[in-house]
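Trainee: missing the sequence, but the structure's below:
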């Protein structure tokens, strides 16, 4: 098991830092090998969205448990929807924090403990794509969204992505995050495939015009021109700040039919 701790330094004697998004380091403790690893927190360099970047970083490290002080709503939604267990701990040494956790101490965190400071909008910022789509309506409770996914990022092509990340939007944030392998790119197949899974909104980097119409016929909203880590996109959607741009599909032979390249 990998246990992550928001840390003020790179020693076992360093104190746990209660500021999740702004801590200097993350200490990663392997409970099986008893080994420690110290990694700089990339979130501390963010002007805004520090908690979201830190949460994405911990998912990339495949942490199972987080020991920290406080979490904002966006970071909390990302971590809990991914199944990572979070516990609030006092400002003790990192070594003591592990002892307390293994002794059954620590308060489980299942939601935000502090307010959000800023939302995040991820759109393609090149001059050619400065025609943003209309901002979607605020997230609806019970609404399921699908994000075309390659690795941990939004895929450039909705139809040729590796997988789809499905997330249920609830009053409390995002729940039931699951990743399903793409069934492959067949003309006209994906819109009804995702509709059968209860999807009401599809988010991707690129999509052809015909595909957009097919999704609309299934009652599925479309947001394209989106880039960046999936975790940040989910947080941005929850905050109501996610907007799209022009399709990022490569323009080549067959682009106009919405299938061959998109």
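Mentor: Now that the structure is in, tell me what you want to look at. Just so it is clear, the structure is predicted and the values come from calculations on it, not from any experiment.

Trainee: check for me that residue 244 belongs to a helix.
Mentor: No - counting by DSSP: H, G, I helix; E, B strand; the rest coil, residue 244 is not part of a helix but coil.

Trainee: please name the nearest non-neighbouring residue to it.
Mentor: residue 225 (3.9 Å; Cβ to Cβ, 6 or more residues apart in numbering). Any C-beta I mention is one placed from the backbone N, CA and C, and that applies to glycine too.

Trainee: what count of nearby residues applies to the one you found?
Mentor: 23 (other Cβ atoms under 10 Å).

Trainee: now do residue 77
Mentor: The burial count for residue 77: 29, using other Cβ under 10 Å.

Trainee: please apply the same query to residue 231.
Mentor: Neighbours of residue 231 (other Cβ under 10 Å): 29.

Trainee: pretty sure it sits against residue 59.
Mentor: Yes - at 6.3 Å, residue 231 counts as touching residue 59 under the criterion of Cβ atoms under 8 Å.

Trainee: shared neighbours, these two?
Mentor: Common neighbours of residue 231 and residue 59 (criterion: Cβ atoms under 8 Å, 6 or more residues apart in numbering): 78, 82, 152.

Trainee: and the first one, what is it in contact with?
Mentor: Remark: with contacts taken as Cβ under 8 Å, 6+ apart, residue 78 is in contact with 52, 55, 56, 59, 174, 231, 234, 235.

Trainee: same check on the last one?
Mentor: Residues touching residue 152, when contacts are defined by Cβ under 8 Å, 6+ apart, comprise 56, 59, 60, 229, 230, 231.

Trainee: most neighbours, which of the contacts of residue 78?
Mentor: Going by other Cβ under 10 Å, residue 55 tops these with 33 neighbours.

Trainee: what lies in contact with the one helix or strand that residue maps to?
Mentor: Under DSSP states H and E, the secondary-structure element containing residue 55 is helix 50-60. Contacting residues not belonging to helix 50-60 are listed as 4, 20-23, 26, 39, 41-44, 46, 66, 71-72, 74-75, 78-79, 82, 84, 120, 152, 229, 231-232, 235 [Cβ under 8 Å, 6+ apart].

Trainee: on that earlier part again, return the member of the contacts of residue 78 nearest to residue 15.
Mentor: Ranked by distance to residue 15 (Cβ to Cβ), the contacts of residue 78 are led by residue 55 at 21.3 Å.

Trainee: domains of the chain?
Mentor: 2-108, 127-257 (automatic domain parsing).

Trainee: can I get the contacts of residue 78 in CSV including distance to residue 202?
Mentor: CSV is the format used below for those (distance: Cβ to Cβ, whole Å):
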residue, distance to residue 202
52, 21
55, 23
56, 21
59, 22
174, 16
231, 18
234, 14
235, 18
